[in-house]
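A.B. asks: Sequence unavailable; structure follows:
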RNA sequence: GCCCCCAUCGUCUAGAGGCCUAGGACACCGGCUUUUCAAGCCGAGAACACGGGUUCGAAUCCCGUUGGGGGCGCCA
């Protein structure tokens, strides 16, 4: 046992212990946040530990995306990957010897034993239990196999695992959130679970107990899905002579429809869009497959719903289909243009309330206000509309340089945008032209037409019909009349253009919108843009008139 | 199926037996403002799941029912 494990924690120490399966999930972010807040509130330490003990699922450097999202949110850990700490290694995959030593200790003292069952045998036993309407419990042998039995099994090619001899008694989980005075779980509900897999790696239950001891974790805040596992951990702690940390099992975050929020959903949304595009003839399977870069067979399997696409391929496909799949992982929210502090504020309210009708908080405020007593116990639904409102008000209250920093971050993720190459002064100008935006993405979608080449401008057919061609081309005639006046305007400034268009409208007995919209469509191709006169000024007289004349020409040739 | 957790407006929540004619926020609806989209302003509607107790008094405590969620892996 290491030195650190022998000492007794004197300060609060929390940890977030995800398995690295890609970007950080929204539910995981909330768990991490609560652990972070508790540690900071109580002057303790927040630890990040990577639970990468599943070799089948682990890919090289799988924790990178997770860490990227954590950092982006500002959930900075005091100990863990990249910063180190007293425990040395914070990846479970690098702590194998520690787990094996403890397992051996249990084996030697008869508190754990070898088992040699195959998957098929276990499946058969579970099936039998199910048809007999019994809960399956592993049949503990009267006599535990010896070390040489294990050797023989191995040489015969049988699987060899180590099972924990679970103490035969009821367990009470003293949970701060669930139950009153603890959750009692009967002895009949637990059994001898595996602690060391056939591949020699520890299972989650085992590694988590060893690490929480070694890392001096005092408070475990985790998802409610872990509540029923806790007796396993209590049993292990008892048999290993470890401390038991304080537990608090957090309620779950669900979708608005009450279903579980998972990456599957994003996958399904894109699949539906892909199928619709193929059915309607808007695209072909081959073209979509090319967008993903997938092999024909695996793409077909994905279309059938047999497998999921990796997130990068999914994002590319969504972009090609021009759909916005629901954001599930933190990276998705980042790519949509949410503000990290807002995201944290919003998810903090999912299960926690500071009281006094308080909602909008900075990280520092949350840190000083947080307490477990005010964490709720009911599952929460993830209301994207409310998040969007939070983001909108936060952006409205932010100064231009702060927004620019966020817009830069957005553009780094969207480097194909025509805005990506602009300098700070220009970005600031655009930001100021777009008050009231809901997402950083809105700045980009509103302004991008001003930065594409004049001949690359796409005229939206719906906008063209509605604004220019409707009513016997009234809009187009207005545009023609305005074009010649704009041509002779002495000073190409927003205020001057404003006055010109207003005068024109009044003179013609038109509403301002009737004069402005045709110009907007002509210079941006759509009905949505930053304020028109400023847009014209920014574009400049020549390019503005070139676009207007180009639009007129393209519609006159009919 | 068995076990566990949970239950206030559509959603997130405030509510620790009388301050509750149940408060706030978002959404929704109506109106105003407006060169587009947003944003903004004003206003309205909207909840204690149900049934029994306990108590002078219950959203609040107890029991049951119903509903929702989770667990029952060599996944975490």
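C.D. replies: That came through fine. Values in this document were obtained by computation on a predicted structure and should not be read as measured data.
A.B. asks: Would you map out the domains in chain A?
C.D. replies: Here the domain assignment for chain A is A:92-205, A:263-387, A:400-448, A:455-557, based on the TED database.
A.B. asks: Distance from the chain centre to the longest one, please.
C.D. replies: Taking CA atoms, centre = their mean, to the nearest Å, one finds the center of domain A:263-387 at 6 Å from the center of the full chain.
A.B. asks: ok, now stretch A:531-543?
C.D. replies: On the basis of CA atoms, centre = their mean, stretch A:531-543 sits 38 Å off its chain's mean C-alpha point.
A.B. asks: Same check on stretch A:139-157?
C.D. replies: 44 Å.
A.B. asks: List the buried residues of that stretch.
C.D. replies: The neighbour-count check on stretch A:139-157 (16 or more other CB atoms under 10 Å) flags A:150, A:153 as buried. The C-beta positions use only the backbone N, C-alpha and C, and glycine is treated the same way.
A.B. asks: What average pLDDT does that stretch get?
C.D. replies: On average, the pLDDT along stretch A:139-157 is 95.
A.B. asks: For RNA strand B, what's the nearest residue on the stretch 351-500 of chain A?
C.D. replies: As assessed by CB to the nearest atom of the strand, RNA strand B sits closest to residue A:436 within the stretch 351-500 of chain A, at 2.6 Å.
A.B. asks: For that residue, give me the pLDDT.
C.D. replies: For residue A:436, pLDDT reads 94.
A.B. asks: That one: what secondary structure?
C.D. replies: In the three-state summary, residue A:436 is assigned as coil, counting by DSSP: H, G, I helix; E, B strand; the rest coil.
A.B. asks: tally of neighbours for the residue lying closest to it once chain neighbours are set aside?
C.D. replies: Excluding the flanking residues, the one nearest residue A:436 by CB to CB, 6 or more residues apart in numbering is residue A:396, at 6.7 Å. Neighbour count for residue A:396, taken as other CB atoms under 10 Å: 12.
A.B. asks: what's the answer for the one 4 residues further on, then?
C.D. replies: Taking other CB under 10 Å as the neighbour definition, residue A:400 ends up with a count of 15.
A.B. asks: Thought residue A:432 was touching it, still the case?
C.D. replies: Yes - at 6.1 Å, residue A:400 and residue A:432 qualify as touching, with contact defined as CB atoms under 8 Å.
A.B. asks: ok, back up a step: distance check, the residue of the stretch 351-500 of chain A closest to RNA strand B against residue A:530.
C.D. replies: Distance, residue A:436 to residue A:530, using CB to CB, to the nearest Å: 11 Å.
A.B. asks: Return the backbone torsion pair for residue A:85.
C.D. replies: The phi/psi pair for residue A:85 (degrees, to the nearest 10) reads phi 150, psi 180.
A.B. asks: quick one, phi/psi of the nearest residue to it once chain neighbours are set aside?
C.D. replies: Nearest residue to residue A:85, sequence neighbours excluded (CB to CB, 6+ apart): residue A:79, at 3.0 Å. Main-chain torsions, residue A:79, degrees, to the nearest 10: phi -140, psi 140.
A.B. asks: OK, contacts around the residue in the stretch 1-150 of chain A that RNA strand B sits nearest to?
C.D. replies: Proximity to RNA strand B, evaluated over the stretch 1-150 of chain A using CB to the nearest atom of the strand, is greatest for residue A:51 at 2.8 Å. Applying CB atoms under 8 Å, 6 or more residues apart in numbering to residue A:51 gives the contacts A:17-20, A:92, A:204, A:207-208.
A.B. asks: For the residues you listed, could you give me TSV that also reports secondary structure?
C.D. replies: Below are the contacts of residue A:51 laid out as TSV (three-state DSSP):
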residue	secondary structure
A:17	coil
A:18	coil
A:19	coil
A:20	coil
A:92	helix
A:204	helix
A:207	helix
A:208	helix
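A.B. asks: What are the contacting residues of the helix or strand hosting residue A:553?
C.D. replies: Using DSSP states H and E, residue A:553 sits in helix A:541-556. Applying CB under 8 Å, 6+ apart, the contact partners of helix A:541-556 are A:454-455, A:457, A:459, A:464, A:468-469, A:473, A:476, A:479-480, A:482-483, A:486-487, A:489, A:492, A:519, A:521-523, A:536, A:539.
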